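A.B. asks: What shape does this take:
(chains A and B)
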Amino acid sequence: MSADRMAAFDLTDVRHRYGARTVLDIAHLRIARGETLGIIGPSGAGKSTMLRLLQGLERPSEGLVQQNGFPLSIPVPLALMRRVTTVFQRPLMLDRSVRDNVAFGLRLRGRRDAEAVEALLDRLGLSHLINAPARHLSGGEIQRVALARAMALDPEVLLLDEPAANLDPANVARVESLIRGAQARGTTIVLVTHNTHEARRLAHKTLLLMEGTVVEVNATATLFESPSDPRTRAFLAGELVY
Amino acid sequence: MVDNILRALGDPALLAVVSLTFRVTGFALLIATALGVPIGALVGLTRFPGRRLITLVLYTGMGLPPVVVGLVVYVLLSRSGPFGSLGWLFTPSAMVAAQTIIAFPLVAALTMSAVDGVDPDLRLQVRALGATRWQTGWTVLREARIGVTAAIVAAFGGIISEVGAVMLVGGNIEGQTRVLTTAIVLSTRQGEFALAMALGLVLLLLALGANAVLLQLQGRSR
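C.D. replies: Residues are numbered from 1 along each chain as shown, chains lettered A, B, ... in the order given. As a prediction, the model looks like this:
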């Protein structure tokens, strides 16, 4: 198999439990390189857990998660860990300035790129806050700083957990423009969202996750316009329109 | 009385006492910090069997009566004790040893709880940004810096003001092992209240000054 055709992720017979509760049960899932996979589904479907497994923060109770053909053992080798970065649903800021938060990942790699940091903050409309203590920002601002912090690394894979939730339309546009930029650079993106419109706008493929299992995964247009599974139809019909 | 206090403050012997107090407490704090911060951070950051026991020991250690520490160090350093050959008894080294033992659990336990208080999700997010284990630990420790500084300040306050241990293992020998607290005890016993008050005033000022410096450092690191 050539490197280009290798998948960013391969999940095989993955089962994940918290105590007696099975939160994820995926027989097989392949996420191709350079693809944007939208993951939709009700709360508690296992979406965030899936991102933690892909990042290598947790090992599945059973089964195999492979990244670029390498099994993710715990602890994940640093080189594999650093190919991927996550923007969490509830991003936490370090008790430092906005600039230092955005530069943090670069600093961990012994790199400095003040211009990239400033450019990212500018694109996200945060330039005026560059020296502000990040902990004092509003929820929406923190969400954007968290995206900038991940984007500064220009990782091979971006895992985004509700990156535009709670943002006003102007800032949703800014965030989506950055995501499109990453897509254009060939970044593999896994986008967890409650917002089906966001998935339609950004994802090449969309996966509906319910109770930890894959109900349907398909090209985004197909999944939304002619879903093959009755549960997908029901979910989409009952879905709140944002 | 005020005149007498002022006169006592100008006494050159006072300088020797102050200088020794600083050296003994400073050394003890340095060693306790060098050991206590990493150990406290390690216990706070990791989960391993026996962690609860270590926590219990550290918390108990925070309440060790200085005079009991002094007694134990005395026995260990006495001529027939296991460390008698060091010849430390009634020297500043013995005082440093005793104060280190008093300060260490304070620094370690308070560092541990400061590190424990950092949101565990932050650690995950730091790792997801590509931090190694060491970088993660260091980042969490930096996030807990206010608590860590408080730990060091608390330990400083605990040892600069204690009298039981330094009295027992130092012996309060003039010009050799006399520190502020033991000098206060002696002056009071001898009825030299002005001198005792002067010494007490200096002790308070030293504690105030050192705490101000630490608070300043804490503020600058923000």
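
A.B. asks: remind me, longest helix of chain A?
C.D. replies: When chain A is parsed with DSSP state H, its longest helix is helix A:169-184.

A.B. asks: send the alpha carbons of the next helix or strand after that one over as PDB?
C.D. replies: Per DSSP states H and E, the first helix or strand lying C-terminal to helix A:169-184 is strand A:188-192. Extracted in PDB, the C-alpha atoms of strand A:188-192 (Å, rounded to 0.1, in the frame of the first residue of the first chain):
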ATOM      1  CA  THR A 188      -7.100  15.400   7.900                       C
ATOM      2  CA  ILE A 189     -10.000  16.700  10.100                       C
ATOM      3  CA  VAL A 190     -12.500  14.900  12.300                       C
ATOM      4  CA  LEU A 191     -15.200  17.400  13.200                       C
ATOM      5  CA  VAL A 192     -17.600  16.500  16.000                       C
END
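
A.B. asks: So which elements touch the next helix or strand after strand A:188-192?
C.D. replies: Using DSSP H and E, the next helix or strand after strand A:188-192 towards the C-terminus is helix A:196-202. With contacts taken as 3 or more C-beta pairs under 8 Å, 6 or more residues apart in numbering or on different chains; DSSP states H and E, helix A:196-202 sits against strand A:36-40, helix A:169-184, strand A:188-192, helix A:220-225. No exception for glycine: its C-beta is placed from N, CA and C like everyone else's.

A.B. asks: I'd like the ones you listed written out as TSV, with distance to B:Leu215 added.
C.D. replies: Below are the helices and strands packed on helix A:196-202 laid out as TSV (distance: least, C-beta to C-beta, whole Å):
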stretch	distance to B:Leu215
strand A:36-40	48
helix A:169-184	39
strand A:188-192	43
helix A:220-225	56
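
A.B. asks: Would you mind saying which of these lies nearest B:Pro120?
C.D. replies: Nearest to B:Pro120 among those is strand A:188-192; the distance by C-beta to C-beta comes to 20.7 Å.

A.B. asks: Flag the shaky bits of chain B, pLDDT-wise.
C.D. replies: Along chain B, the model assigns pLDDT under 70 to residues B:218-222.

A.B. asks: 80 instead, please
C.D. replies: Scanning chain B for pLDDT under 80 picks out B:1, B:5-10, B:210-211, B:213-215, B:217-222.

A.B. asks: Show me what from it comes close to chain A.
C.D. replies: For chain B, the residues found near chain A under the criterion C-beta under 8 Å from any C-beta of the partner chain are B:119, B:121-122, B:124-133, B:135, B:139, B:142-143, B:222.

A.B. asks: quick one: the helices in chain A?
C.D. replies: A:47-55, A:78-81, A:98-108, A:114-123, A:139-151, A:169-184, A:196-202, A:220-225, A:230-238.

A.B. asks: need those helices in TSV with mean pLDDT and mean neighbour count, can you?
C.D. replies: As requested, the helices of chain A are arranged in TSV below (pLDDT from 0 to 100; neighbours: other C-beta atoms under 10 Å in any protein chain shown):
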stretch	mean pLDDT	mean neighbour count
helix A:47-55	96	22
helix A:78-81	94	15
helix A:98-108	97	22
helix A:114-123	95	16
helix A:139-151	96	23
helix A:169-184	96	15
helix A:196-202	95	20
helix A:220-225	96	17
helix A:230-238	90	13
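
A.B. asks: Point me to the helix or strand that includes B:Ile159.
C.D. replies: Using DSSP H and E, B:Ile159 sits within helix B:145-160.

A.B. asks: how about the CA coordinates for the helix or strand just after that helix, as CSV?
C.D. replies: Using DSSP H and E, the next helix or strand after helix B:145-160 towards the C-terminus is helix B:164-170. Taking Å, rounded to 0.1, in the frame of the first residue of the first chain, the C-alpha atoms of helix B:164-170 are listed here in CSV:
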residue,chain,number,x,y,z
GLY,B,164,12.0,23.8,70.2
ALA,B,165,14.1,22.0,67.7
VAL,B,166,16.9,24.5,67.3
MET,B,167,17.2,24.9,71.1
LEU,B,168,17.6,21.1,71.6
VAL,B,169,20.0,20.3,68.8
GLY,B,170,21.8,23.7,68.6
